[in-house]
Structure formats: structure tokens, C-alpha cells
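**Q** Coordinates only, no sequence provided:
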Ligand SMILES: CC(C)(COP(=O)(O)OP(=O)(O)OC[C@H]1O[C@@H](n2cnc3c(N)ncnc32)[C@H](O)[C@@H]1OP(=O)(O)O)[C@@H](O)C(=O)NCCC(=O)NCCS
């Protein structure tokens, strides 16, 4: 373990009442494939569905594992403590395209509507503020993705407006928390 639980640099493992948020390893390829291929899950994420375990492993190398090595943090596997099952991802990711750190969340549909994304994302944001010293954290949300927008609001981010994002045709809603901003007291 590293990061917030041990005080060592590197991607943290974070805990909430029902969840562990821990760094991905290649052993997570199967759930990682599912969260990057099931139409209901990727509906608002502007990505092509992955179609094989090899593709999932490749994306793990190019995305979370690379982010851990480059920035010291990245999306984390969300593990349901009760069962030990990986039920999605959540965590902070630096987006060089816009120079912002984004909190992202994605869960398997059978775990939706139980407050789990909010629980995970609130912890990730707290970690960003307290342990990483971030002054600003954003969430980019497709305007049609009401559940995602609601999670962003519940964790204290506020809608700032719409922004273009490279490779995505329609502008995305930009939610943000900023140190010293109006929303600071809400989290
Ligand atoms: C977005 C997502 C992570 C939310 O997960 P979740 O665990 O169900 O979220 P929570 O239970 O913590 O909160 C969801 C909130 O959205 C609300 N909500 C859910 N569906 C909604 C809808 N269609 N319209 C309006 N509100 C909705 C819920 O009522 C709840 O708000 P409340 O607590 O005020 O009632 C989940 O839907 C998901 O994985 N979606 C696919 C991936 C995705 O789109 N990720 C975000 C990309 S920006």
C-alpha cells in the first residue's frame, strides 16, 4: 500500500465506509474490460467499446498505470469491501489537454443508485485537497448524463459552464471546486 494510508509517495489506497479505492493492477483486467465495454456504462464517455482482455490490458498500461507513474495519481479501482469485488473506478486524473485535474467515477450498473459513486468521489476529492494539495478539481460531464451531474453537485462541485474537449464534438459541462471559491464550504 502507498499514499494516504502510509504517507509514501505514489497512488494512494483510500477507504470509505463501504469501499476501498486502490490502484489498478493487471489482475483487474476482467472488470476493467467490462467497465470499458458495456454500452450502458460507456454511453456518455465518448469512447469505443473495448472488445478483448488484451485491449483492456493495453488501455490499463496507457491510462491508469501510466498516470500513476507520470503524475503519482490516477483512476483507482473501486472495491466493495463486503465482497472484495471490483465494481468500477473512481479517482483523480490529470488531463493535460485542459490543464486540470478531474474526478471521475464509473460503476457497474447493478451497484448504481446506492450512493456508492458519491461516497467514492467525495473521498477522492478529499484526498486531492488534503493529501495532494490541489487547489482546483473539476468534473467533465456530458450534458445528458444527469446521474453524473448529480454526483458532481453532491460532492461540492459547481457548474461553471461548458467547455470544448479535444476529440469530442459537443461541449461538456464543467463542474469545479476551487480553493477559496463559493463551494469550498460545501465539501
Ligand atoms: C454516474 C454514476 C457513477 C453514478 O453512480 P451511482 O452510484 O448511482 O451514484 P449515486 O447513487 O452516488 O448518486 C446518483 C444520483 O444521481 C441521481 N440520478 C440517477 N439517475 C438519474 C437520472 N436519470 N436523472 C436524474 N438524476 C439521476 C440519483 O437519484 C442520485 O441523486 P440523489 O442522491 O440526489 O437521489 C453511474 O451512473 C455510472 O457509472 N454511470 C456510467 C458511467 C458514467 O457515465 N460516469 C460518469 C462519466 S462523467
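**A** Thanks, I have the structure now. On a predicted model such as this, the values are computed, not experimentally measured, just so you know. Residues are numbered from 1 along each chain as shown.

**Q** Now do the same for residue 172: helix, strand or coil?
**A** strand (DSSP: H, G, I helix; E, B strand; the rest coil).

**Q** An error on my part: the question was meant for residue 137.
**A** Per three-state DSSP, residue 137 ends up strand.

**Q** Just grab the bridge partners of it for me.
**A** Residues in a beta bridge with residue 137, per DSSP bridges, are residue 177.

**Q** Strands of the chain, start to end?
**A** 14-15, 19-23, 75-80, 86-95, 100-107, 136-141, 158-165, 168-178 (DSSP state E).

**Q** mind putting those strands in CSV, distance to residue 52, mean pLDDT and mean neighbour count included?
**A** Any C-beta I mention is one placed from the backbone N, CA and C, and that applies to glycine too. Formatted as CSV, these follow (distance: least, CB to CB, whole Å; pLDDT from 0 to 100; neighbours: other CB atoms under 10 Å):
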stretch, distance to residue 52, mean pLDDT, mean neighbour count
strand 14-15, 30, 98, 18
strand 19-23, 23, 98, 22
strand 75-80, 20, 98, 25
strand 86-95, 18, 98, 23
strand 100-107, 19, 98, 20
strand 136-141, 27, 98, 22
strand 158-165, 27, 96, 13
strand 168-178, 25, 96, 17
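
**Q** could you redo these as a markdown table and give each row distance to the ligand?
**A** Formatted as a markdown table, those follow (distance: least, CB to the nearest ligand atom, whole Å):
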| stretch | distance to the ligand |
| --- | --- |
| strand 14-15 | 16 |
| strand 19-23 | 11 |
| strand 75-80 | 10 |
| strand 86-95 | 6 |
| strand 100-107 | 4 |
| strand 136-141 | 5 |
| strand 158-165 | 11 |
| strand 168-178 | 8 |
